[in-house]
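Engineer: Need the 3D shape of this:
(chains A and B)
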Amino acid sequence: MTVAIDRATGKRRGDREPGPGLSGRLKRGYHKHWYAYVMIAPVAVVLGVLVLYPLVYGLYLTLTDANSLNTARTIGVNHIDATYRFIGLDNYADILWGPTAYDRFWSHFIWTIAWTAACVALHYGIGLGLALLLDQKLRGRTLYRLILVLPWAVPTFVTVFGWRFMLADGGVINSALDALHLPSPLWLEDTFWQRFAAIMVNTWCGVPFMMISLLGGLQAIDASLYEAAEMDGASAWQRFRYVTLPGLRSVSSTVVLLGIIWTFNQFAVIFLLFGNTAPDAQILVTWAYYLGFGQQPRDFAQSAAYGILLLAILIVFTSFYRRWLNRNEQQLAI
Amino acid sequence: MSTTTAETSAPVAEQRPARAPRPARRRGENSRAGALASHGVLIVASLIALFPIAWLVYLSLGPDKDDYLHPGGIWNKMTFANYSFVLQHTEFFNWLKSSLIVTLGTTAVGVLIAATTGYAVSRMRFPGYKKFMWVLLVTQMFPVAVLMVPMYQILSDLQLIDNYLGLILVYCTTVIPYSAWLLKGYFDTIPFEIDEAGRVDGLTPFGTFFRLVLPLAKPGLAVAAFYNFLTAFSEVAFASTFMLSDDKYTLAVGLQSFVSEHDAQRNLMAATAVLIAIPAAGFFYLVQKNLVTGLTAGGTKG
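Structural biologist: Next up, the predicted model:
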């Protein structure tokens, strides 16, 4: 292996120059670059076996009527063979247009979009605000940073558990609201307040990541730009608008995209906050999990179909997002 | 806490010598009121960040299961009884052992694989490079629901259900794409001349990677390790589906089972939750001083 790689390094310098058109040279490229493929091989194998294959298999499941009663299973010593049938695209049709499709899919879909938009906007807004504050020269800045990052350091299932205490009927939040003579909502029972609570908890959990990412971005902005702007008489707002924001663009576009993907698929917060008790506050991911694992009989096919739909939504969104970035002459940091 | 702060202030100061003039000048025009307002906002934010956790710790000291409804009463009868009960009469240490095996395994395997991948993607422009980065991004988008059933089938075919290795592999698929992405960004900031120098001095590419680039990439590696650790440590869905015997439950699953077992004994649950948070927070404070540099090195470069 060493020999081959020595050969490879000799050519590595050439690779740094802008590469020629890749199309017709795949074969030569393979000989030239195989050491790179060796380095990414472990990932490719792991992802191929444990992601790609399950994905294809999951895709196949969505075309059947598999559930926990007709899949292959072993009860004691008896092995029961799978008896589910191929039913084509019926699952998708049923989810999107079938009877009560609104209650089962579209209401969750709308709520998922609202949830994602609200959470990412709050994450980004609060994260940026705190990052700007932490980027100043302030006494105790490091201590603030240590504390503010705490919600990220503690596992989600622990913090969500803590929030359940606080939101419970008679918990500390409602006691405080009572003491202030404000109405105390039923956080964990009423649909609107469940949604409100979910967004609140998720915001609390997600801000540190944005804050730290944006803080890194702020510290990478060249200080001379600010000096130049100041020389030209730019006000604080103008410096923010014309120096800080453009300087943060590539970090922002990346973290916002990641934030959207993660929030869209955020399983833990809603699942742990409500369990199965809040059908109306379930986003698509938790709803799909409920169909596949939270009920009897478990509906594997529909659950997987929801998963595929989720994936499709995200891929379509990401392609548009990337195209939009390119049109604005920005690059995603990938 | 204070010792950690003292340690961390040094590298932060090092990072920003070039910027020193600017804040100094800005301070001139920034009124004292501005600084006060900043402190005010930061203090409020810190309290919000701190409160739910502090409250959980406080409630865990109440000896009675309904004490969380009368928090004022806890103050006078604080006790560590919950903790000693959890440590002595539950499976806590088994859960902790499982969690540590799975989490440290994921962290080690994940960081190693992600590092080689990130290095390959950062240094070598091989054909399919763009597509590969795109694949890494798309794997981030896979919802649990679509992978769960097929993964379960594959793992049971491989006899890896109820097995630490199975869970480690599953977690690797979720942590590696982002870690590789992160590390690629960090490797991009390490000058290519260093690789050149290593080659001139007769190191093999793997030698260059392990002996020159990796040590320089420590902040990036720390952040990747942190991300892997936390993701694996707090994952619930896969762990509760794939681990069947209760001595192999991870802490995340253990806490859930605890909920039904000790139905209304929320004081014990709170104590367990606090005990669970300690290793995670400990690990976090080991790597936190690298967070800011490590996390965005790549993103800022674009």
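Engineer: Verify the stated contact: B:Tyr152 with B:Leu158.
Structural biologist: No: B:Tyr152 is beyond contact range of B:Leu158, at 11.0 Å (criterion: Cβ atoms under 8 Å). Using the backbone N, CA and C atoms, a C-beta is placed for each residue, glycine as well.
Engineer: anything in stretch A:101-109 near chain B?
Structural biologist: No: contact between stretch A:101-109 and chain B is absent, the nearest approach being 12.4 Å (criterion: Cβ under 8 Å from any Cβ of the partner chain).
Engineer: hmm, back to that, compare neighbour counts for B:Tyr152 and B:Leu158 and give me the winner.
Structural biologist: The neighbour count for B:Tyr152 versus B:Leu158, taken as other Cβ atoms under 10 Å in any protein chain shown, is higher for B:Tyr152 (19 against 14).
Engineer: Leaving out sequence neighbours, find the closest residue to that one.
Structural biologist: B:Thr241 (6.6 Å; Cβ to Cβ, 6 or more residues apart in numbering or on different chains).
Engineer: helix or strand for the one you found, which one?
Structural biologist: Per DSSP states H and E, B:Thr241 falls inside helix B:237-242.
Engineer: Can you name every helix or strand that that helix contacts?
Structural biologist: The helices and strands touching helix B:237-242, judged by 3 or more Cβ pairs under 8 Å, 6 or more residues apart in numbering or on different chains; DSSP states H and E, are helix B:144-157, helix B:164-188, helix B:251-261.
Engineer: Could you count how many residues lie near A:Tyr255?
Structural biologist: That one is not Tyr; residue A:255 is Val. Using other Cβ under 10 Å, A:Val255 has 26 other residues around it.
Engineer: where exactly do the strands run in chain A?
Structural biologist: A:73-75, A:78-80 (DSSP state E).
Engineer: Would you single out the least confident of these?
Structural biologist: Among these, strand A:73-75 carries the lowest mean pLDDT, at a mean of 66.
Engineer: A:Phe165: neighbour count?
Structural biologist: For A:Phe165, the neighbour count with other Cβ under 10 Å is 22.
Engineer: Same check on A:Val43?
Structural biologist: 26.
Engineer: list the contacts for the closest residue in space to it that isn't next to it in sequence?
Structural biologist: The spatial neighbour of A:Val43 that comes closest, neighbours along the chain excluded (Cβ to Cβ, 6+ apart), is B:Thr117 at 4.6 Å. Neighbouring residues of B:Thr117 by Cβ atoms under 8 Å, 6 or more residues apart in numbering or on different chains: A:Met39, A:Ile40, A:Pro42, A:Val43, B:Ile176, B:Ala180, B:Leu183, B:Lys184.
Engineer: mind redoing it with 7 Å?
Structural biologist: A:Met39, A:Ile40, A:Val43, B:Ala180 (Cβ atoms under 7 Å, 6 or more residues apart in numbering or on different chains).
Engineer: what about the strands in chain B?
Structural biologist: Using DSSP E, chain B contains no strands.
Engineer: Using the record's domain definitions, break it down for me.
Structural biologist: Structural domains assigned to chain B are B:20-80, B:87-301, following automatic domain parsing.
Engineer: want to throw the ones you listed into CSV with distance to A:Asp135 and mean pLDDT?
Structural biologist: Below are the domains of chain B laid out as CSV (distance: least, Cβ to Cβ, whole Å; pLDDT from 0 to 100):
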stretch, distance to A:Asp135, mean pLDDT
domain B:20-80, 9, 75
domain B:87-301, 10, 81
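Engineer: Isn't B:Val102 up against B:Tyr249?
Structural biologist: No: using Cβ atoms under 7 Å, B:Val102 is not in contact with B:Tyr249; the gap is 10.5 Å.
Engineer: between these two, which one's more packed in?
Structural biologist: Using other Cβ under 10 Å, the more surrounded residue of B:Val102 and B:Tyr249 is B:Val102, with 25 against 22.
Engineer: Can you give me every residue that contacts the more buried one?
Structural biologist: By Cβ under 7 Å, 6+ apart, the contact set of B:Val102 is B:Tyr164, B:Leu167, B:Ile168, B:Tyr171, B:Ala232, B:Thr250.
Engineer: How many residues are close by the closest residue to chain A within the stretch 51-200 of chain B?
Structural biologist: Chain A sits closest to B:Val146 of the stretch 51-200 of chain B, with a gap of 2.5 Å, by Cβ to the nearest Cβ. Counted with other Cβ under 10 Å, residues neighbouring B:Val146 total 28.
Engineer: Leaving out sequence neighbours, find the closest residue to it.
Structural biologist: Using Cβ to Cβ, 6+ apart, the nearest residue to B:Val146 is A:Gly307, at 2.5 Å.
Engineer: and if you look at B:Leu291?
Structural biologist: In space, and not counting its chain neighbours, B:Leu291 is closest to A:Ile212: 5.3 Å by Cβ to Cβ, 6+ apart.
Engineer: can you count the residues close to the one you found?
Structural biologist: Counted with other Cβ under 10 Å, the neighbours of A:Ile212 add up to 26.
Engineer: quick one: the most centrally placed residue in chain A from chain B, how far?
Structural biologist: Geometric centre of chain A, nearest residue: A:Trp262, 0.8 Å, by Cα atoms, centre = their mean. A:Trp262 sits 8 Å away from chain B, going by Cβ to the nearest Cβ, to the nearest Å.
Engineer: what does A:Trp111 give?
Structural biologist: Computed as Cβ to the nearest Cβ, the A:Trp111 to chain B distance reads 16 Å.
Engineer: pretty sure that residue contacts A:Ile283?
Structural biologist: Yes: counting by Cβ under 7 Å, A:Trp111 touches A:Ile283, with 6.3 Å between them.
Engineer: And those two? Which one has more around it.
Structural biologist: A:Ile283 (26 against 19).
Engineer: Grab the nearest non-local neighbour of that one.
Structural biologist: Computed as Cβ to Cβ, 6+ apart, the closest residue to A:Ile283 that is not its neighbour in sequence is A:Thr112, at 4.3 Å.
Engineer: what number of residues lie near that neighbour?
Structural biologist: Neighbour tally, A:Thr112, other Cβ under 10 Å: 22.
Engineer: Give the full set of residues in contact with it.
Structural biologist: Shown in contact with A:Thr112 (Cβ under 7 Å, 6+ apart): A:Phe264, A:Ile283, A:Leu284.
Engineer: now swap in B:Ser122 and tell me
Structural biologist: B:Ser122 makes contact with B:Lys184, B:Phe187, B:Asp188 under the criterion Cβ under 7 Å, 6+ apart.
Engineer: and which of these is nearest to B:Gly34?
Structural biologist: Closest approach to B:Gly34 among the contacts of B:Ser122 (Cβ to Cβ): B:Asp188, at 36.2 Å.
Engineer: that older thread, rebuild the contacts of B:Ser122 as a markdown table, extending it with distance to A:Arg327 and neighbour count.
Structural biologist: Listed next are the contacts of B:Ser122 as a markdown table, based on distance: Cβ to Cβ, whole Å; neighbours: other Cβ atoms under 10 Å in any protein chain shown:
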| residue | distance to A:Arg327 | neighbour count |
| --- | --- | --- |
| B:Lys184 | 25 | 24 |
| B:Phe187 | 29 | 25 |
| B:Asp188 | 25 | 19 |
